[in-house]
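> below is the structure, and that's it, no one-letter string:
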């Protein structure tokens, strides 16, 4: 009898300490809420620690400043045109006219010591593209918009390249409208300085990149291409971890930045298609 009573007592104790499998301790909601608040705080701090936007008015008063407001306005104008397929009226008429207008604005506001040349390149051609099985890519009557900021020594040039054409289903904000807007603002800032750069800077606004690379191939035929010594292509590559990339033969340029500029880089999504 005593043994039975002891067993019943032990069973009651076991049941007392058994938990409902659906029961959640009151501490867990507090932990989850605290973690969410901490994450929100860190995102808020990170977002507000980015550099303050420079307005157009501030950039007018200080010609050394890059105006993100002006760049964003240019980007809005470009994306309002909609998708810009090579061969479409948006890509062959409206987009190059918009870019040329912005370059002409930079010309009119440039310092008297600076000189900006503006050209629209048109042409036809063909080349073999060794992609997968390889094929011959033929193009006709495509165009690029070119601006050249002349340096004090015009023998060598730095080439900066972007493209304003898009794929069919995109307005091309990140690929590659934002770069076009940044390059136009960079041209404006450099052209308002009192001293010329030593070397020319070529701003290539490529009108047929998605086709693929037809505009780049056509530019190689241009007389300005012969003086290009450094080529910087800025665009969206679809990678979250790569800030700089280069061909194996010229990775010295990227290695130069490793541990210096790259260590201080903070990458933030500014525009999304």
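Thanks, I have the structure now. The model shown is predicted, which means the values in this text are computed figures rather than measured ones. Numbers count the residues shown, from 1 in each chain.
> how about the secondary structure of the nearest residue to residue 74 once chain neighbours are set aside?
Distances taken as CB to CB, 6 or more residues apart in numbering place residue 181 nearest to residue 74, at 4.1 Å, with adjacent residues excluded. The way it works is simple: take the backbone N, C-alpha and C, and place the C-beta from them, glycine included. What DSSP: H, G, I helix; E, B strand; the rest coil gives for residue 181 is helix.
> right, and residue 181 touches residue 72 too?
Yes - judged on CB atoms under 8 Å, residue 181 makes contact with residue 72 at a distance of 7.2 Å.
> pLDDT weak spots in the stretch 1-150 of the chain?
1-24 (pLDDT under 70).
> in it, which spans are strands?
Assigned by DSSP state E, counting those that start in this stretch, the strands in the stretch 1-150 of the chain fall at 116-129, 135-149.
> buried deepest among those, which one?
Among these, ranked by average contacts under mean count of other CB atoms under 10 Å, first place goes to strand 135-149 (a mean of 18).
> now do that strand and strand 116-129, the angle between them.
Calculated by axes from the mean of the first three to the mean of the last three CA atoms, to 10 degrees, strand 135-149 forms an angle of 170 degrees with strand 116-129.
> residue 181 and residue 72: who's more crowded?
residue 181 (27 against 16; other CB atoms under 10 Å).
> so what's the more buried one scoring on pLDDT?
Looking at residue 181, its pLDDT is 95.
> likewise residue 196?
At residue 196, pLDDT is 95.
> please report how far it lies from residue 211.
36 Å (CB to CB, to the nearest Å).
> quick one on the thing from earlier: tell me which of the strands of the stretch 1-150 of the chain sits nearest to residue 48.
For those, the distance to residue 48 is smallest for strand 135-149, at 34.7 Å, taking CB to CB.
> about what we covered before: and the strands of the stretch 1-150 of the chain as a markdown table, adding distance to residue 94?
Converted to a markdown table, those look like this (distance: least, CB to CB, whole Å):
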| stretch | distance to residue 94 |
| --- | --- |
| strand 116-129 | 14 |
| strand 135-149 | 12 |
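> ok, which of those comes nearest residue 47?
Proximity to residue 47, assessed across the strands of the stretch 1-150 of the chain by CB to CB, is greatest for strand 135-149 (33.9 Å).
> the closest one pairs with which strands, parallel or anti?
strand 116-129 (antiparallel), strand 200-206 (antiparallel) (DSSP bridges).
> make CSV from these and add distance to residue 236 to it.
Shown next, in CSV, are these (distance: least, CB to CB, whole Å):
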stretch, distance to residue 236
strand 116-129, 21
strand 200-206, 14
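> these: which one's closest to residue 44?
Nearest of these (CB to CB): strand 200-206, 36.9 Å.
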